[in-house]
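Model the following, please.
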Amino acid sequence: MKIIYMGTPQFAVPPLRALRHAGHDIIAVVTRTDKPAGRGKVLTPPPVKTAALDLGVPVQQPKRVRAPESVAAIQALAPDVIVVAAYGQILPKELLKIPKHGCINIHASLLPAYRGAAPVNWAIINGEPETGVTIMQMDEGMDTGAMLLREAVAIGPRDTTGSMLEKLSALGSRMIVGALAGLADGTLTPVPQDHGKATLAPLLTKEDGRIDWNRPAAEIHNRVRGLFPWPGAYTHLDGKLVKVLESDAVEGGGEPGELIEGPHGTLQVGAGEGLLRVVTLQPEGKKPMTAAEFLRGHRGAVGKKFNDVKGEG
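Numbers count the residues shown, from 1 in each chain. This next block holds a predicted model:
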């Protein structure tokens with residue numbers, strides 16, 4: 001098939017390569033514009049752009065894909081299908097109608113659950129035992145189109161959004177190749193979603209990373225996992241930001257936010273229920289460190305409290 005591929009982050013790179021490896025003609029890649037990144041705010045291309053250039057595929061980076069000139073540029077290429085994976089903008093009706101096989105989305109959830117921009121994050125934050133990938137036909141709604149393929153993957157107790165995105169990207173790569181083969185030979189039957197069972201996975205902000213130590217430790221642990229690597233779970237100690245990178249929920253008790261030295265030099269923190277064992281963390285201006293390294297460098301920290309608001313005593 002003649003494919004226009006639309007995607008932006010690393011999640012969308014393996015499916016692009018899989019489609020090329022399967023022999024499809026990737027006539028163009030549409031991705032977001034380059035953005036400043038890192039401390040130096042260096043203008044950095046999206047991972048999909050880098051991958052497309054490596055494959056020798058032409059790249060388009062419209063600021064607004066719904067702009068008439070953007071739609072016209074895509075229409076002029078006359079694709080058989082448009083494949084979308086975490087592109088980051090809603091496609092207009094005019095664009096959805098262009099390919100004869102429509103626009104097909106690789107969505108990282110078991111639809112109709114977790115429609116929206118951050119499905120993997122919210123599945124982990126909410127303590128789900130599994131998530132998955134749905135290959136779906138796109139319509140004008142937010143992930144509301146009919147489903148073509150759907151496959152589940154277990155979420156392990158140590159999985160983070162980062163680790164699950166790798167698994168789901170690999171799964172989506174295999175599934176999209178199968179879905180296009182099914183579309184070509186007419187063996188796929190679209191299945192409408194049950195809209196009554198829909199749940200949402202809205203875009204995350206940095207504020208979502210603020211830890212509320214009054215919540216149960218198990219909930220805080222899921223939030224740490226679900227927000228890694230971005231936006232990250234954080235708190236404050238003596239008015240300075242501390243990122244919690246890796247944790248466990250364990251039995252015990254303490255005042256919410258209270259730093260407790262546990263067995264074998266471990267760091268535990270009181271919560272609304274149970275204790276959060278902090279495995280790795282990153283104080284403001286420092287590199288990530290183990291809890292033992294943190295305790296050695298902050299000998300007066302035990303007995304103090306992490307605060308969910310900067311400067312709060």
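
all helices for the stretch 101-250 of the chain, in order.
With helices called from DSSP state H, counting those that start in this stretch, the stretch 101-250 of the chain shows them at 119-125, 161-185, 217-226.

Report the angle between the last one and helix 161-185.
What that stands for is helix 217-226. 60 degrees (axes from the mean of the first three to the mean of the last three CA atoms, to 10 degrees).

pLDDT averaged over helix 217-226 - what is it?
Mean per-residue pLDDT for helix 217-226: 98.

returning to that earlier point: need the helices of the stretch 101-250 of the chain in JSON lines (columns: mean neighbour count).
From N, CA and C alone the C-beta is placed, and that goes for glycine too. As requested, the helices of the stretch 101-250 of the chain are arranged in JSON lines below (neighbours: other CB atoms under 10 Å):
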{"stretch": "helix 119-125", "mean neighbour count": "25"}
{"stretch": "helix 161-185", "mean neighbour count": "19"}
{"stretch": "helix 217-226", "mean neighbour count": "24"}
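
Turn these into JSON lines, columns for distance to Gln193.
Output for those, formatted as JSON lines (distance: least, CB to CB, whole Å):
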{"stretch": "helix 119-125", "distance to Gln193": "14"}
{"stretch": "helix 161-185", "distance to Gln193": "16"}
{"stretch": "helix 217-226", "distance to Gln193": "24"}
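
Looking at the ones you listed, which is nearest to Val83?
In terms of CB to CB, the element of the helices of the stretch 101-250 of the chain nearest to Val83 is helix 161-185, at 6.2 Å.

Now the residue nearest to Lys305 when sequence neighbours are not counted: phi and psi?
Closest residue in space to Lys305, ignoring its immediate chain neighbours: Gly257 at 4.1 Å, by CB to CB, 6 or more residues apart in numbering. Per-residue torsions, Gly257: phi 90, psi -10 (degrees, to the nearest 10).

partner residues bridging the residue nearest to Pro283 when sequence neighbours are not counted?
Closest residue to Pro283 apart from its sequence neighbours, by CB to CB, 6+ apart: Val242 at 5.2 Å. On the basis of DSSP bridges, Val242 takes part in beta bridges with Thr235, Pro283.
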